[in-house]
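[1] sequence and predicted structure, then a few things I'm wondering about:
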Amino acid sequence: MLVYDKRKLMETDQDRIINDVTSGDYKYGFYTDIETEKIPRGLNEDTVRLISEKKEEPEWLLEFRLKSFRQWQNMKMPSWANLKIPEIDYQDIIYYAAPRQKPRVNSLDDIDPELKRTFDRLGIPLEEQKHLSGVAVDAVMDSVSVKTTFRETLAEMGIIFCSFSEAVREFPELVRRYMGSVVPYTDNFFAALNSAVFSDGSFCYVPKGIRCPMELSTYFRINSANTGQFERTLLVADEESYVSYLEGCTAPMRDENQLHAAVVEIIAEKNAEVKYSTVQNWYPGDKDGNGGIFNFVTKRGLCRGEGSKISWTQVETGSAITWKYPSCILRGDNSTGEFYSVAVTNNHQQADTGTKMIHIGRNTKSTIVSKGISAGYGQNSYRGLVKVLKNAKDARNFSQCDSLLLGDKCGAHTFPYLEVDNQSAIVEHEATTSKIGEDQIFYCNQRGISTEDAIGLIVNGYAREVINKLPMEFAVEAQKLLQISLEGSVG
Amino acid sequence: MLVIKNLHAAIEGKKILRGISLEVKPGEIHAIMGPNGSGKSTLAAVLAGRDLAEVTEGSVTYFGRNLLEMAPEDRSREGIFLGFQYPIEIPGVSMVNFLKTAVNEHRKYKGLEPLSASDFLRIMREKKELVDIDSKLANRSVNEGFSGGEKKKNEIFQMAMLEPKLAILDETDSGLDIDALRVVANGVNKLKRPDNSAIVITHYQRLLDYIVPDVVHVLYDGRIVKSAGKELALELEEKGYDWIKKEVDNQN
Amino acid sequence: MAVNSELTELYSGIYTDNIRRIREGSTSFLNAFRDAAFDRFTTLGIPTRKNENYKYTNLDLFFRHNYKTYFIPDESDFVKAEEFRCDITDLDTHGVVLLNGFYPTINGKIRTLPGEILIGSLNEASRRFPDLVERHYGKYAKSNSDGLVHLNTAMASDGVFVHVPQGSHLNKPVQVINLVDSTEDVFNQHRNLIIVDDNADLTIIICDHTLSPQKFLTNAVTEIYVGENARFNIIRVQNEHNNACKVTHTFIHQGRNSYSSSNNLTLHGGLVRNNTYHFLGGEGAESSSFGLYLSDKWQHVDNLVSVEHAFPNCTSNQLFKGVLDEMSTGAFNGRIFVDPKAQGTLAYQKNNNILLTDDAKMYTKPQLEIYADDVKCSHGATVGQLDENALFYLQSRGIDKREAKLLLMLGFAHEVIQNIGVEALRERIDNLVMQRLKGELSRCASCMVKCG
Ligand SMILES: Nc1ncnc2c1ncn2[C@@H]1O[C@H](COP(=O)(O)OP(=O)(O)O)[C@@H](O)[C@H]1O
Ligand SMILES: [Mg+2]
């Protein structure tokens, strides 16, 4: 997550987008040489116990992990996605790695300066005074949360924002009540795996009637080799509250693939609103498809209360393989779910991503806008389910799924499922697939703009509807990322 | 500045231009008229570098350089501006962003620093007045949802921003009501400098009431079949193209 | 692939019980396919809902039943067929009547129409025109996931054979009337082969009827070859009773610059599943796939449409519309597949549905799989109700609500019906659809089954 001064930003964002882009290389591919505590490779019940022990967890959480682990052992990796996933050896992964530091960080001075430098390089200063605009960050490296900024400021309003581990220690009731209530450990292969071995993540609770005054953000960083990252995010917005949450992620460049299997759960109570934005920039692998992150993530929100709203916005430019369907269960009457997505696959990247909108309550509404961009040898699939249950009277859905193709070796696929059990529902799905417009490129050329820049402009224009849904700071980052991730894709 | 010699071009193997020769000197305004399908837009496209039409014969030099070898964006940076007959829509790309990119590319090419956002916006305001373009247009996406007239005005506005040496205006007057026509023509005239030239492609003499050409050419079936002073435009308006077609067909 | 082993065994049993008789009645060429096909069938099995293509259709309802007979015809069976007359007045066609999928001997087994056009029994054709049959049979009906296609290849022994030689065309359509009739619950499978050679032209109408109220299960495969620059239209009118299940697999294989259209009109039937596969196998080919389904009671209608663009510059269009009443359910599985070398593809797909009651359900999955870049593809799907504004507009002109609804539904359906090229049939269908939507039984007059 980059943090900019908003005023300065207004003036210079265009300059930045156009001028600041220098190379198509992955900028975040460096590795921090820092002393790290790792457990041995492999996964069995002892591994699960060891992780729990390291985190000094209560018995109930260990039980949850063990149940999940047993469940996982009886599950198979899903094969229905339009993805070619190489064999993953789950015994060859390190399930816990943590930068060695004091167990409890009380002040900034306790954090290893090397760690601070790392996050500075990533544009995430851990010092609160360096933040010019209001963004609170939970910085997670490998398996643990390094530092959560602005905790105290938020606490004054009753907002809890801390690492998952701290939440387990300090707010066990809340965690117990909500964890697994939206994504049960039985949900799918990766959710079960995560439930067994998750290491850390962020927890947030916004009390009744509170509008969270700043953007909350988690920044995930994979640093160590051969480790998997399994974090869990739990976000609870109590009645009449509002929170906007951002998530960013990067990883070093490595030849081997690394697994990231996260779970995100959101609960929105009556009239609460949650905006969840992601700019996913995990290392995508090199031009020939070597290395990169496998991003197998389960994200789901429950609009539990009447009039609640959950909105997912994602810009997916990274990862070698993405398998991800941020979804909304619209249980409360008059609740709303939204999904805005831009997914780019370049070189040998593959993405199978989309959403599920489950209409249960009356008058529930959902909107899906998905913009896929394929270049190089990239394969990009939209997969979405809109389900209207029998009692979801007057449910409404509109989906627009567009695909843009740059180059003749890539693919764009659309797999929508519309299941309607209620006659008063109106469900509409539209999709288009086309190549980038040659006449548009020529028009730009004729005004002196090179083809590469023209494509950047046109692609950003194409994705505008989604990017506009991101908070300002993220929008700029996302635009740059789009441009960078497509560089060299047309020639 | 521009010398076209015996230019032949084909689209998908079909011959469209069949030997065009034309010289434009600094400061001159040339009008090109001709019936639909005679190849006017194709000529404009070849000059601007659209690769849809393939040049099969002939040469084009621009300030002594082989124009046909230059990339379209370099032709633009060298001062060739094409006002499109059908301006292209680019959804989601704001006019501001689009033009700023274009202007700064031109500046970079000339070795100048990019304009700051505030300077750019100031210049944009000035030029907007020149062509009487609604300031709201600038915040919309390029040509998206513009009316026909707005699109044409927008072309002139872009021309004002890029200050070309050679403007090629392809039916910029078509589909305009008389007020809009006057705005467009005035814009062109205000932008006219002694050493700048223009090729004005039009169907109608009425534009030439405002933009007075030095020469009028008639393009028919891929060839310039007649060139004369501005009075030729009047004659065409009165008598149509049939007499020229006859003349040409008789010669063949 | 998920296999329903119990059902698969049941049908393997039917195969074993009948295969000797089937072989005896068929040519060695047709028999040569049987072992391999049966092998594939036992691997793939009867599709379950775990099969992505059958996600929304539960075949159990009709397949889990002890059909008394597997139909293999007897000369005496055909008298009734001969008695059946299609009552679509004004419909001037070359008619062929099939009984339980077999070509009646009573008419002579192959007829020659002007232009050396052959219409008749596939079984007979494989004896008399082996070259023709062998060039095409079994070439287009392929599936990696649907065991039913292979079950048909393993067991079917007859069906309609049509050959339109190069440059030939008929001045009127061919009409095939499929009658299903038996005093016992019957399972039948037939196999059609239609060959339209280069520059030829054919329109074929297939009407499905049930004549007796027994429980019927039909699993039919039709292979169609459309040569270079040829034109072909197939119109299927399905009008069976609620105790009948019809599964059709239609494979249309097109050559360069050819045109084909398919129109599935499902007016009535217990469980209907139409699989229509369009293979655009030559540059410049164009295909249209239309469908209309009207359902009520516990009926279930599912259309799978697959269009494969294998060559450059082909165009395809899909339009499927449905009106679902009472407790009926509908499904649509649309697929456009564009091969990497199919540049210049234009492909469109649309599925619109109206639910009339709280108990009706619709499941639709229009899908695009695109591996080329110079393409224009789009799809759209809707599930909803009649447009309230339009309804109000009509009411404000003095039309009562019931009538207004009917008008709107007819308009909705007409978008599909208007693509029927045979005028008399188009009018007839408009009429049948009107009766159907009014709730009147829309059977042809000669149908003796009161399946309301
Ligand atoms: N993209 C194209 N593809 C094929 N033919 C074209 C294309 N563009 C123009 N043509 C043909 O080229 C000829 C000249 O067209 P054009 O240059 O647009 O004429 P004008 O501008 O004088 O009306 C016409 O016959 C037209 O049909
Ligand atoms: Mg023109």
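    Noted; the coordinates are in hand. Bear in mind the structure is a predicted one, so any value in this text is a computation, not a measurement. Numbering: from 1, shown residues only, chains lettered A, B, ... in the order given. Ligands and ions are numbered 1, 2, ... in the order given.

[2] helices and strands around the helix or strand hosting residue C:377, which ones?
    According to DSSP states H and E, residue C:377 maps onto strand C:375-384. Contact analysis of strand C:375-384 by 3 or more Cβ pairs under 8 Å, 6 or more residues apart in numbering or on different chains; DSSP states H and E lists strand A:411-420, strand A:426-435, strand C:329-338, strand C:345-355, strand C:361-370 as its packing neighbours. Bear in mind the C-beta positions are built from the backbone N, C-alpha and C, glycine included.

[3] of all the ones you listed, which lies closest to residue C:403?
    Checking those against residue C:403 by Cβ to Cβ gives strand C:345-355 as the closest, at 16.6 Å.

[4] and the residue in the stretch 1-150 of chain C that ligand 2 sits nearest to, how many neighbours?
    Nearest to ligand 2, among the residues of the stretch 1-150 of chain C, is residue C:140, at 47.0 Å (Cβ to the ion). When neighbours are counted by other Cβ atoms under 10 Å in any protein chain shown, residue C:140 registers 19.

[5] do I have it right that it meets residue C:226?
    No: using Cβ atoms under 8 Å, residue C:140 is not in contact with residue C:226, being 10.3 Å away.

[6] hang on, isn't residue A:199 packed against residue A:224?
    No: in this structure, residue A:199 is not within contact of residue A:224 by Cβ under 8 Å, at 11.7 Å.

[7] so these two - more neighbours on which side?
    Neighbour totals were compared for residue A:199 and residue A:224, and residue A:199 leads with 25 against 22 (other Cβ under 10 Å).

[8] related to what we said a few turns ago, anything in contact with each of residue C:140 and residue C:226?
    By Cβ atoms under 8 Å, 6 or more residues apart in numbering or on different chains, residue C:140 and residue C:226 have these common neighbours: C:252, C:253.

[9] let's see stretch C:130-143 as PDB, backbone CA atoms only.
    Provided in PDB are the C-alpha atoms of stretch C:130-143 (Å, rounded to 0.1, in the frame of the first residue of the first chain):
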ATOM      1  CA  PRO C 130     -22.300 -48.100 -48.300                       C
ATOM      2  CA  ASP C 131     -19.800 -45.500 -49.800                       C
ATOM      3  CA  LEU C 132     -22.000 -42.600 -48.800                       C
ATOM      4  CA  VAL C 133     -22.800 -43.900 -45.400                       C
ATOM      5  CA  GLU C 134     -19.300 -45.000 -44.600                       C
ATOM      6  CA  ARG C 135     -17.900 -41.600 -45.600                       C
ATOM      7  CA  HIS C 136     -20.000 -39.800 -42.900                       C
ATOM      8  CA  TYR C 137     -21.400 -42.200 -40.300                       C
ATOM      9  CA  GLY C 138     -19.800 -41.900 -36.900                       C
ATOM     10  CA  LYS C 139     -17.600 -39.100 -38.000                       C
ATOM     11  CA  TYR C 140     -19.400 -36.200 -36.300                       C
ATOM     12  CA  ALA C 141     -21.200 -37.700 -33.300                       C
ATOM     13  CA  LYS C 142     -18.400 -37.500 -30.700                       C
ATOM     14  CA  SER C 143     -18.400 -36.800 -27.000                       C
END
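
[10] chain center to it: distance?
    In terms of Cα atoms, centre = their mean, to the nearest Å, the centre of stretch C:130-143 is set 19 Å apart from its chain centre.

[11] show residues contacting that stretch.
    C:27, C:29-30, C:33, C:44, C:122, C:125-126, C:149-150, C:152-153, C:161, C:163, C:193, C:195, C:221, C:223-225, C:249, C:251-253, C:277, C:279.
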